[in-house]
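Trainee: After the sequence you'll find the predicted model.
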Amino acid sequence: MLRQWGGVSTGGILDENCLYFTNSEIPGLIGYRLIDNIAVVLGDPVCAPEYKGPLSLAFKHYCSTQNTDFIYIIATEDFALWAKLHLNPVLIEFGATLFLNPSDNPYHHTGSQFKALRKKVHNCLHKGVVIKEYTDNDIKIESAITDIVSNWQKARKGPQIHLCKPTPFKDKLGKRWFYALQGEQILGCLILTDIKSNNSWLLNNVMIRENSPNGLSELLVVSALNVLESEKCTSVTIGPVPRNQLGKVIGLNKFSHFITQLIYKAAQYFFNLSGHETFWEKFQPCRQGSYLIFPNQNLSFTSIRALIKSLRNE
């Protein structure tokens, strides 16, 4: 179901700390984490578009019977517009889902704005780095990729937020793996996840070893785009990518809006949120808003704390 109808929250919904709400009369599920008696929903309801509203209303009723509040994080723009009409929410556009077209690979573009990208890729190629797709059952390669993921996590500095801990070979159905090889050493990897509803592949993490050649992340992305282009794929989905500043904010008065902006700026500094947008900008993506939804305008200290805990996967 997640491979068919999931989005950028797929990894989080498959995480071991996630709970699931279903309704026997509505095909689909809602993935959430229960934190401080608040159900933090990860993304849109996982179902066909026509069932998102009914499933969300059924979940609202369920939460009321449990005396539980609920919020949505990483919701799509379409679902946020539905929520605006039916949930009396506070809506906050905190980030974006990005879309790349493999047939419009920026590496193949001329122009000064793409010069730095081409230079980074050429640097890796000249150092003998090659990108391969893993398709076999090779324990040695899987162990090396798993080691890269583990070291990448340990090397990240300062407080971190993440929807889930990367598990490269868990839930293999609908996944693809690309890895960077220099001589006999594997230096980095990139994982794609199938999203059938959008005829797209989800690309969230590009993970490399410390002290790898400059431009290795860019080479992994460019190489994966080249392969997908040869397969006539038209979309790669990335996200959520936090904005440098909040976008649309609906349902707050001017003072609350101001305070929310300050809290976001503090979070951006504390968790170093700006780096993601800087990296992906060089690939010239299209964008769609990602939203936080606080139904019944229940934006409070408790709900914000639950949101942060959910993103730190505590």
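Mentor: The structure has been received and is ready for your questions.
Trainee: Only C-alpha atoms from now on, for both contacts and neighbour counts.
Mentor: Will do.
Trainee: And the residue most central in space within the chain, how far from residue 303?
Mentor: Taking CA atoms, centre = their mean as the criterion, residue 239 is the residue nearest the geometric centre of the chain, at 3.4 Å. Taking CA to CA, to the nearest Å as the measure, residue 239 falls 22 Å from residue 303.
Trainee: now residue 125
Mentor: For residue 125, the distance to residue 303 equals 48 Å [CA to CA].
Trainee: Compare these two (neighbour count), which wins?
Mentor: residue 303 (21 against 17; other CA atoms under 10 Å).
Trainee: OK, contacts around that one?
Mentor: Shown in contact with residue 303 (CA atoms under 8 Å, 6 or more residues apart in numbering): 38, 71.
Trainee: and what of residue 95?
Mentor: Taking CA under 8 Å, 6+ apart, we find residue 95 in contact with 240, 241, 242, 243, 246, 247, 289, 290, 291.
Trainee: That one - that's part of a helix, no?
Mentor: No: counting by DSSP: H, G, I helix; E, B strand; the rest coil, residue 95 is not found in a helix; it is strand.
Trainee: And for the nearest residue to it once chain neighbours are set aside, the neighbour number?
Mentor: Among residues not flanking residue 95 along the chain, residue 242 sits closest, at 4.0 Å (CA to CA, 6 or more residues apart in numbering). Neighbourhood size, residue 242 [other CA under 10 Å]: 21.
Trainee: Kindly state the pLDDT recorded for residue 242?
Mentor: Looking at residue 242, its pLDDT is 88.
Trainee: Quick check: it touching residue 276?
Mentor: Yes: using CA atoms under 8 Å, residue 242 is in contact with residue 276, at 7.3 Å.
Trainee: quick one: buried residues of the lowest-mean-pLDDT helix or strand in the chain?
Mentor: Here the helix or strand of the chain ranked lowest by mean pLDDT, DSSP states H and E is helix 274-281, holding a mean of 81. Neighbour counts over helix 274-281 (16 or more other CA atoms under 10 Å) mark 277, 280 as buried.
Trainee: those helices in the stretch 51-200 of the chain, which residues are they?
Mentor: Under the criterion DSSP state H, counting those that start in this stretch, the stretch 51-200 of the chain carries helices at the ranges 77-86, 115-126, 139-155.
Trainee: Contacts for the longest one, please.
Mentor: The contact list for helix 139-155, computed with CA under 8 Å, 6+ apart, reads 166-169, 179, 186-189, 207-210.
Trainee: Just the CA atoms of it, as CSV, please.
Mentor: Coordinates of each C-alpha in helix 139-155 appear next as CSV, following Å, rounded to 0.1, in the frame of the first residue of the first chain:
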residue,chain,number,x,y,z
ILE,A,139,26.4,-9.9,1.4
LYS,A,140,29.8,-8.1,1.0
ILE,A,141,28.3,-5.1,-0.8
GLU,A,142,25.3,-5.0,1.4
SER,A,143,27.6,-4.9,4.5
ALA,A,144,29.7,-2.1,3.0
ILE,A,145,26.6,0.0,2.2
THR,A,146,25.2,-0.6,5.7
ASP,A,147,28.5,0.4,7.1
ILE,A,148,28.4,3.7,5.1
VAL,A,149,24.9,4.5,6.4
SER,A,150,26.0,3.8,10.0
ASN,A,151,29.1,5.9,9.7
TRP,A,152,27.2,8.7,7.9
GLN,A,153,24.8,8.9,10.8
LYS,A,154,27.6,9.0,13.4
ALA,A,155,29.4,11.7,11.5
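Trainee: In this structure, where is pLDDT below threshold?
Mentor: Counting by pLDDT under 70, the chain has low-confidence residues at 157-162, 271-272, 274, 313-314.
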